[in-house]
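Asker: pasting the sequence and the predicted coordinates here, then a few questions.
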Amino acid sequence: MDLSGKLLVAMPGMGDPRFERSVVFLCAHSDDGAMGLIVNKPAPEVKFTDLLDQLNIVRGPAAADIRVHFGGPAEHGRGFVLHSADYSANGSTLQVDDRIGMTGTLDILEDIARGTGPARSLLALGYAGWGPGQLEEEILQNGWLTCDAPIDLVFSGNNAAKWQDALGTLGIDPLTLSSAAGHA
């Protein structure tokens with residue numbers, strides 16, 4: 001089953017503190033593994049304007065000020081922009097589904113700085129990655145729940161509520177969750 005375009009919601013017994021209460025948007029999922037971006041953990045020490053300065057990108061008057069997030073533990077120095085499907089960068093955009101794309105090149109940062117970028121976006125430093133079968137095993141071990149990815153939830157500015165809101169899409173109250181796995 002291809003989970004691209006879905007959300008992974010960390011269960012209370014996740015065991016890996018980097019993913020505690022995380023909501024991960026899956027950008028790609030196949031037999032070769034999976035790649036996603038954590039969408040609910042801002043990187044408060046990193047400001048978008050500072051990144052533009054470091055990259056020598058001039059900020060125009062119409063530039064949006066997007067939030068910078070911790071996207072996952074792999075390749076912290078690499079940035080990925082999750083964005084609405086109204087934007088595509090010269091063949092370097094991965095169109096995840098008909099609503100959301102991901103671009104990992106400087107083109108998108110330059111366009112956002114000019115005010116010509118996507119209508120909605122989230123910049124993530126690093127990513128979450130899984131090898132072949134690894135994510136499926138973590139799901140079987142009760143590490144993650146999967147659910148649809150409402151675009152308003154993905155791009156919401158209320159990061160503190162995303163985990164509970166994602167569980168709410170499944171009709172689950174976080175207080176009723178157990179960290180124990182059950183198998184029939």
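Answerer: Cool, the structure landed.
Asker: name the strands paired with the one helix or strand Val81 maps to and say parallel or antiparallel.
Answerer: Using DSSP states H and E, Val81 maps to strand 74-84. Here strand 74-84 has these sheet partners by DSSP bridges: strand 100-103 (antiparallel), strand 121-130 (antiparallel).
Asker: any idea how far the residue sitting nearest the centre point of the chain is from Leu170?
Answerer: The centre of the chain sits closest to Leu37, judged by Cα atoms, centre = their mean, with a distance of 2.9 Å. Going from Leu37 to Leu170 by Cβ to Cβ, to the nearest Å gives 20 Å. Placement of C-beta: from N, CA and C, glycine included.
Asker: which stretch of helix or strand covers Leu94?
Answerer: Secondary-structure element containing Leu94, defined by DSSP H and E: strand 93-95.
Asker: quick one: list the elements packing against the helix or strand of the chain with the lowest mean pLDDT.
Answerer: In the chain, no helix or strand scores lower on mean pLDDT, DSSP states H and E than helix 48-54, which sits at a mean of 88. The contact analysis (3 or more Cβ pairs under 8 Å, 6 or more residues apart in numbering; DSSP states H and E) places helix 48-54 against helix 106-114.
Asker: could you redo the last one with a cut-off of 7 Å?
Answerer: With contacts defined as 3 or more Cβ pairs under 7 Å, 6 or more residues apart in numbering; DSSP states H and E, there are no secondary structure elements packing on helix 48-54.
Asker: which SSE is immediately downstream of that helix?
Answerer: strand 68-70.
Asker: list the contacts of that following strand.
Answerer: 38-39, 41-43, 46-48, 51, 122-126 (Cβ atoms under 7 Å, 6 or more residues apart in numbering).
Asker: how far does the least confident helix or strand of the chain sit from its chain's centre?
Answerer: What separates the centre of helix 48-54 from the centre of its chain is 20 Å, taken as Cα atoms, centre = their mean, to the nearest Å.
Asker: show residues contacting it.
Answerer: Arg59, Asp65, Ile66, Val68, Leu109, Ala113, Leu123.
Asker: buried residues in it?
Answerer: Residues Phe48, Leu51, Leu52 are the ones in helix 48-54 that count as buried (16 or more other Cβ atoms under 10 Å).
Asker: what's near enough to touch Val39?
Answerer: Val39 sits next to Val23, Phe25, His69, Leu82, Leu122, Val154, Lys162 when contact means Cβ under 7 Å, 6+ apart.
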